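>>> Could you look at this predicted model? Sequence included:
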Amino acid sequence: MASLNESRIVELEQIARQLRIDSLKMIHRRKAGHPGGSLSLAEIVAVLYFSELRIDPERPEWPERDRLILSKGHAAAILYAALARRGFFPAEDLNRWGELDCHLQGHPDRLKTPGVEMTTGLLGHGIAIGAGLALAGRLKGLNYRVFVVLGDGECQAGVIWEGAMTASKYHLANLVAILDYNDVQLDGPVHEIMPMEPIASKWLAFNWAVLEADGHNIRQIHEALEAAENIHDRPTIIVARTTKGKGVSFMENEAYWHGVAPNDAQFLQALAELGEAV
Amino acid sequence: MGIMSIREAYGRALAAYGAENPEVVVLDADTSSSTLSHFFAEAFPDRFFNVGIAEPCLVDVAVGLALGGKIPFANAFAALISLRAAEQVRTSVCYGRTNVKLAAGYAGLSDFKDGPTHNAIMDLAVMRAMPEMTVIVPADAVETSKWVKVVAEYDGPVYLRLSRAAAQSIHDEGLRVEIGKGLTLRPGTDVCLIATGSMVGRTMEAAEGLAREGIEARVLEIHTLKPLDRDLVIQAAEETGALVTAEEHSVIGGLAGAVSEAPLERVGLRDTFGRTGLDAEALMDFYGLGVEDIIKAGKRVLERKTTRNVDRVRPA
């Protein structure tokens, strides 16, 4: 993978900004969704869908495509925004998210929405499913990679660690997890609800390679993904430090904005902060 | 009496089918010497994955393998697949409709030595309630071995319920099984005994006992609890007017539940998952839970009552 030049970085930053705006518009229109955890993922999703993943919207079933499982399925808004802008379905569909006859469900549904690799929403599934999918790739002799986007609160679920053991037992180097480490969950700060530190040591102890990155820094995310590609004997997790609600001052680091839609005034302020003309 | 146990018939058939179909992979949760998936493991070590004592992980890893185009048989004790891993089965296997085969061993009371912790007496109730799931319970060793290929070649989630024990031999090698197609094992018009799994042999014996008292009992084997062979059951109800169900499971929610639901006018979700909507009331209407739906059901059941033939008019 080539390194990113400055203009490409600026481009991906603009995409991240656009995905934030899309997500907020979708959540505001629907009066439902999860703004905090969507905003914290913007740069990660931008790098993955617009730089890293080998995918082809014209061939969503292409056997050799890379797979991304959004284990933290609550962040459906930003996934849908990325898939639409990447060309998997018309961007107008985003305006109909949640309507009874719209394919876009509250949480990702692989059977309804093109580009969604796995149905998620209840937390904890991504690592074990990703491990199985990585095993299948090896068995079939396909060199696709499996990316799993995890939440930090989600790592409180035991099955995450069951899956982590399985992935390292089978040396699944074609599996890469990205941890959206924003330290906020529904009920409050992760470090208060159920402390996850030392998170990097936990994954190391499960025989994963652990890389760290600023999850809002395009270059660092890209470099970590590049480094993961050069690890050949074990799965990799990128612990990406992020800010929940990133980019909207009043949402940042506030558990309240985990799953609440902004009202009209809040929405306009959020757009203004993101530099979007109303 | 049959000599081979259900589990051994399954384990050997799985290993044999593994040679025929390279897409089949097998997983276990540290019970391969109990479920007898180890026959497959020995024959195809590269296609066997032991995830340790972690049934939710077992199911989700199988889901991933299915997403990648393999045909995974996930083996564990029925009590654990149906209860500890129930959410994985619901969300990742059924709602995600992934091609996972759940081979649920030690079902019913068959793990008599370990007792209630290891018994599975409500697994059929749980699995039958899952939209998209096919639920199969073989009656003997021959039938068990026949199901392996059929289940593997069916595209969709299957719960294959397997006893640890030997069951009375019912079928010969010429048996052909078909998903959703019940078997009439004995003719009779006085009463109909409907059995599944290990209770089929016992029910055949019971029918002979009744015959000695001059009562001719029809015996149906319902190996597929879901989708139920509704026509066969309704026909038996019409022709005999007297039904008994027999299963190695709670009387709540398994075969008894399936049979007794068949003629009932039911308003509810029609074995489907919900979807996202803009409000709960509209969503309920969308799924046929409206006031009008209850009124229509009331009229239908009244019509059936007045025609004094509960089975002539069948619910949609």
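The structure has been received and is ready for your questions.
>>> nearest residue to the closest residue to chain A within the stretch 101-250 of chain B other than its sequence neighbours?
Closest approach between the stretch 101-250 of chain B and chain A, counting by CB to the nearest CB: B:E132, at 10.1 Å. In short, each C-beta sits where N, CA and C put it, glycine included. Distance criterion CB to CB, 6 or more residues apart in numbering or on different chains; nearest residue to B:E132, sequence neighbours excluded, is B:C94 at 4.3 Å.
>>> Could I get the pLDDT score of the residue nearest the centre of chain B?
Nearest to the geometric centre of chain B sits B:V135, at 2.5 Å (CA atoms, centre = their mean). In this model, B:V135 is scored at 98, pLDDT.
>>> for it, phi and psi?
Main-chain dihedrals, B:V135, degrees, to the nearest 10: phi -120, psi 120.
>>> how near is it to A:A84?
Note on B:V135: its distance to A:A84, by CB to CB, to the nearest Å, is 38 Å.
>>> if we can go back for a sec, kindly indicate whether the residue nearest to B:E132 is helix, strand or coil.
helix (DSSP: H, G, I helix; E, B strand; the rest coil).
>>> again with B:T184
What three-state DSSP gives for B:T184 is strand.
>>> Double-check B:A167 against B:T196; I have them as touching.
No. Between B:A167 and B:T196 there is no contact under CB atoms under 8 Å: 11.2 Å.
>>> neighbour-wise, which of those two wins?
Counting neighbours by other CB atoms under 10 Å in any protein chain shown for B:A167 and for B:T196 shows that B:T196 has the greater number, 31 against 26.
>>> still on that earlier bit, which neighbours do B:A167 and B:T196 share?
Shared contacts of B:A167 and B:T196, defined by CB atoms under 8 Å, 6 or more residues apart in numbering or on different chains, comprise B:A139.
>>> Please, which helix or strand holds the closest residue to B:L67 other than its chain neighbours?
Residue nearest to B:L67 in three dimensions, not counting chain neighbours: A:L133, with 5.1 Å by CB to CB, 6+ apart. Here A:L133 sits within helix A:126-140, counting by DSSP states H and E.
>>> Which strands or helices does that helix pack on?
Applying 3 or more CB pairs under 8 Å, 6 or more residues apart in numbering or on different chains; DSSP states H and E, one finds that helix A:126-140 contacts strand A:67-70, strand A:146-151, helix A:158-169, strand A:175-181, helix B:55-67.
>>> ok, 6 Å please
Helices and strands touching helix A:126-140, by 3 or more CB pairs under 6 Å, 6 or more residues apart in numbering or on different chains; DSSP states H and E, are strand A:67-70, strand A:146-151, helix A:158-169, helix B:55-67.
>>> ok, is the third one in contact with chain B or not?
Looking back up the chat, that one is helix A:158-169. Yes. Helix A:158-169 comes into contact with chain B (CB under 6 Å from any CB of the partner chain), by way of A:159, A:162-163, A:166.
>>> Most neighbours among those residues, please name it.
Busiest of these [other CB under 10 Å] is A:G163, holding 33 neighbours.
>>> buried residues in the helix holding A:L133?
The neighbour-count check on helix A:126-140 (16 or more other CB atoms under 10 Å in any protein chain shown) flags A:126-139 as buried.
>>> Equivalent analysis for stretch B:286-302, please.
Buried, per 16+ other CB under 10 Å, within stretch B:286-302: B:287-288, B:297, B:301.
>>> For those, work out which two are farthest apart.
Maximum pairwise distance in the buried residues of stretch B:286-302, criterion CB to CB, is 19.8 Å, between B:Y287 and B:V301.
>>> Contact residues of the stretch 51-200 of chain B facing chain A?
Counting by CB under 6 Å from any CB, the residues of the stretch 51-200 of chain B near chain A are B:51, B:54, B:56-57, B:60-61, B:63-65, B:67-68, B:70, B:91-92, B:95-96.
>>> which of those count as buried?
B:51, B:54, B:56-57, B:60-61, B:63-65, B:67-68, B:70, B:91-92, B:95-96.
>>> per-residue confidence at residue 32?
Reading this off chain A. A:A32 is assigned 96 on the pLDDT scale.
>>> ah, I was thinking of chain B
Value for B:S32, per-residue pLDDT: 97.
>>> Can you give me the neighbour number for it?
21.
>>> all strands of the stretch 51-200 of chain B, in order?
Using DSSP state E, counting those that start in this stretch, the strands of the stretch 51-200 of chain B run over B:71-77, B:101-105, B:134-136, B:158-161, B:183-186, B:191-195.
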